[in-house]
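J.: requesting a structural model of the entry that follows:
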Amino acid sequence: MNCSQDKLISMSCPERGACRLSRRMFGVALTGAIVIGPAQAAPAVNGFSISLAEWSLNRSLSSNVINYLDIPKLARTRLRITALEHVSELWPRAPTDRDFVRELKTRRDGEGVRSLVMMRGHDHILGHADADRRHLAIEDMKPWLDVAAELGCHSLRVFALSTGNTLMERLETTASALHNLCALAKPLGLNILVENHNGNSSQVEWLMAVINRVEADNIGTLPDFGNWNVGDTSFPIMRDRYAGVAGMMPRARAVSAKAFTFDRTGAEMTTDYLRMMRIVAAAGYRGRIGIEYEGDNPDEFAGILATRDLLTSVFARL
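T.: Below you'll find the model as predicted:
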């Protein structure tokens, strides 16, 4: 298991210190960070380094501006990032296509890039009230577990989607499905990570009750800076993203830095990154922070670079 965040404590940070960059340029991280040369990956700072969630490039991929197999090279050469979080929805082949997986590994290894997480989406509902539908959801995960293991990922990320009349019913069915999924992942050396994402999974008390109900040592969370006020409004939803992330951090084995827009100083306009990263650091987490850029900038690479430079600056202030 490539995850170094095993012993975690829960602490939230009340500070609201905003992080500002006086300017941004490719190859230079300001505010005390390290200059990044043309052939260097962005260095670790205070125990933190950066990975790339492939969803940050979803528009470029869907419009065929870039080829999926070129992501490892683009990540290293254009973004100076050497760790990836793969996204099943962007996968251009069936997960059972072993030739494709081998080709991806060859290109990735040739660039010195690592695979960290396989992100599986919401084609099926893990916590469905109908037992047959839950079984179908788990069956859907099996080939992705195999791909994640072959790529050397430490985890498969899933969503805690559910149906049912009450939160308790949804809790029970979701925990049961996650328990079964963890049992399948364990022999492969994989964790199952749950991300806050829509519906009642955006309510941290419910989500952590689900996680704590699962009797498996390979269950964990992937807190996302965003996703706290969207989706099914028939159940309580977290409006405070900082409290939400703090609540998930005790079981976190990966973290997602959601980014949309930046002001003229380089600060992200929906999340105070310094405040959020202080929460992450106070919980004892050290390791990769995954960039997930979802802004409207037609140049997704520019958005990723802005997020990378902001994170690097924040790391230096922790």
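
J.: L184 against K142, yeah?
T.: Yes - if you go by Cβ atoms under 8 Å, L184 and K142 touch, sitting 6.6 Å apart. C-betas here are computed from N, CA, C, even on glycine.

J.: looking at those two, which has the bigger crowd around it?
T.: L184 (16 against 13; other Cβ atoms under 10 Å).

J.: got the contact list for E172?
T.: With contact taken as Cβ atoms under 8 Å, 6 or more residues apart in numbering, E172 is in contact with R213.

J.: so where do the strands sit in the protein?
T.: Assigned by DSSP state E, the strands in the chain fall at 48-53, 83-87, 114-119, 155-159, 191-195, 219-222, 255-259, 287-293.

J.: centroid residue for the chain?
T.: S256 (4.0 Å; Cα atoms, centre = their mean).

J.: pLDDT score for that one?
T.: At S256, the model reports a pLDDT of 98.

J.: residues contacting it?
T.: Contacts of S256 (Cβ under 8 Å, 6+ apart): A53, E195, L222, P223, D224, F225, I289, G290, E292.

J.: give the contact list for the closest residue to it other than its chain neighbours.
T.: Nearest non-adjacent residue to S256, counting by Cβ to Cβ, 6 or more residues apart in numbering: D224, 4.2 Å away. With contact taken as Cβ under 8 Å, 6+ apart, D224 is in contact with E195, N196, H197, V245, S256, K258, E292.

J.: make sure the fourth one is actually in contact with T221.
T.: Just to be clear, that refers to V245. No - contact criterion Cβ under 8 Å: V245 and T221 do not qualify, at 9.6 Å.

J.: just to revisit the earlier point, ok, and the most crowded of the contacts of S256?
T.: Result: P223 is most packed of these (other Cβ under 10 Å), 30 neighbours.

J.: need the contact list for it.
T.: Going by Cβ under 8 Å, 6+ apart, P223 touches E195, N196, G244, V245, M248, M249, A252, V255, S256, V280.

J.: tell me the pLDDT of the last one.
T.: Taken from the predicted model, the pLDDT recorded for V280 is 98.

J.: one more: the first one?
T.: pLDDT, the model's per-residue confidence, is 96 for E195.

J.: who's in contact with it?
T.: Shown in contact with E195 (Cβ under 8 Å, 6+ apart): M119, R157, V158, F159, S201, T221, L222, P223, D224, N227, S256.

J.: any low-confidence regions in this protein?
T.: 1-40, 229-238 (pLDDT under 70).

J.: mind running it again at 80?
T.: For the chain, the stretches flagged by pLDDT under 80 are 1-43, 122, 198-199, 229-239.

J.: please enumerate the helices of it.
T.: For the chain, the helices defined by DSSP state H cover 58-62, 71-79, 98-111, 131-151, 167-185, 204-213, 241-248, 273-282, 300-315.

J.: that concludes my questions; thank you for your assistance.
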